[in-house]
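Asker: Got a predicted structure plus its sequence, pasted below:
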Amino acid sequence: MDFTKVQSVGNDFVLIETADTKSDWSILAGAVCNRHFGVGADGLLLLMPSDKADFRMRIFNTDGSEAEACGNGLRCLVHYINAKNVSDAKNLTIETLGGVRKAEISGDSGKSRIRIGMGAPIFEPHSIPVNTELGKGGLVCGMTVNYPFQAGNVPLKLGFVSMGNPHAVYFTDKPVNEFSLAEIGPEVEKAPIFPRKTNFEVARVRSSRSIEMRVWERGVGETLACGSGACAVAVASWIMGYTGDTVDITLPGGKLTAEWSGQGDVFLTGEAEIVFTGAWLK
Ligand SMILES: N[C@@H](CCC[C@H](N)C(=O)O)C(=O)O
C-alpha cells in the first residue's frame, strides 16, 4: 500500500489515497502511526472520493479512534492534493465527519500555505459533548468558561468548545512549557464529564495578537501542534476579551494563524509539506 508522510508545524500524518470504505482503518492507524514498529505519525489520513464535496478526509488517531475534525490534517491533505496534482483547483471543499470544510491554497507546491474555514465553534454542552453542571463556572457569549476542574491536586478553570471535535481550554499566566502536561493531560482527556473524551489545550496570552500553547490530543497524547486546538484557543481567547480577530498561535512545532470575528467560521492558516513517500508492506 503506497503512502505519503505529510506534516504541518510538526503535527505529522501518514496519508493514504483510497476509495475503500469497508476496511477497518482503525487497526492500520495504530500500526502505521507506531514510531518504533511503523512509519511513525500522530494520525492516519485517508483521502477519499466524496459525493458531497470535491474530496473526503477521514482522520484516525494513534489509538485507532476516528476524529470528527483535524485542522492540520486538512491542511496537509489539501497540500497533497495540490502538490501531487490530484486537482489543480486553488479552492477546494473537503467532506469531514464534522461537516464540509473550505480550503484556499497559496504559495508554491513545495511548501504551500493553506487557509481552511474550520466551521463555526459550537458551545452547546451536549453537542461538544461535555456533561457540565448547570451554573458552574460562567457563561460568556454562550461559551462555558472558568469551569472548575480538579486534576489531581491541580485546580484548573476550563472553557469548552467544539471545532467539530471536543476541546477543553485552560489559560495560565505562566510559560506553557512549565505546565505538567504529561500528568494532567490524560486526566482531562479521560475525565467522566467528557463522554467522547476531549482534546486539552494549555495557553498563555502574550499580547492581543499572540498566544503560546501546548496541546494534549485525544487518542494521541502531547503533539507538536493541533490546528483545531489552535482554533479552540483563539475562540476562547476572543470570548474572554484577551485577543482580537486575528491571532498568531505559537506551538512547540511552529506558528499557526487563527481568525475569528465572534461569529461564523474560524479560519486557520499555516504551511504544510510532504516529507517522504513509501510503501507499507506489513
Ligand atoms: N491534530 C489535529 C486533531 C486530530 C484529532 C484529535 N486528536 C481528536 O481526537 O479530536 C488538528 O490539527 O486539529
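Answerer: All right, it came through fine. Being a predicted model, the structure only gives us computed values, none of them experimental. Numbering: from 1, shown residues only.

Asker: Need the CA coordinates for whichever strand or helix holds Gly185. PDB is fine.
Answerer: In the assignment (DSSP states H and E), Gly185 maps to helix 181-189. C-alpha atoms of helix 181-189 as PDB (Å, rounded to 0.1, in the frame of the first residue of the first chain):
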ATOM      1  CA  LEU A 181       1.000  18.200  30.500                       C
ATOM      2  CA  ALA A 182       2.100  14.600  30.600                       C
ATOM      3  CA  GLU A 183       0.400  14.100  34.000                       C
ATOM      4  CA  ILE A 184      -2.600  16.400  33.700                       C
ATOM      5  CA  GLY A 185      -3.300  15.900  30.000                       C
ATOM      6  CA  PRO A 186      -4.600  12.300  30.400                       C
ATOM      7  CA  GLU A 187      -6.700  13.200  33.400                       C
ATOM      8  CA  VAL A 188      -8.600  15.900  31.500                       C
ATOM      9  CA  GLU A 189      -8.800  13.800  28.300                       C
END
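
Asker: any idea of the mean pLDDT in stretch 198-216?
Answerer: For stretch 198-216, the mean per-residue pLDDT is 98.

Asker: Break the protein down into its structural domains.
Answerer: The record's domain parsing of the chain by automatic domain parsing lists 2-118+270-279, 125-264.

Asker: would you turn these into CSV with mean neighbour count?
Answerer: From N, CA and C alone the C-beta is placed, and that goes for glycine too. Listed next are those as CSV, based on neighbours: other CB atoms under 10 Å:
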stretch, mean neighbour count
domain 2-118+270-279, 19
domain 125-264, 19
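
Asker: I'd like the distance from the next helix or strand after the helix holding Gly185 to the chain centre, please.
Answerer: With elements assigned by DSSP H and E, the helix or strand that comes after helix 181-189 is strand 199-207. Relative to the centre of its chain, strand 199-207 is centred 14 Å away, using CA atoms, centre = their mean, to the nearest Å.
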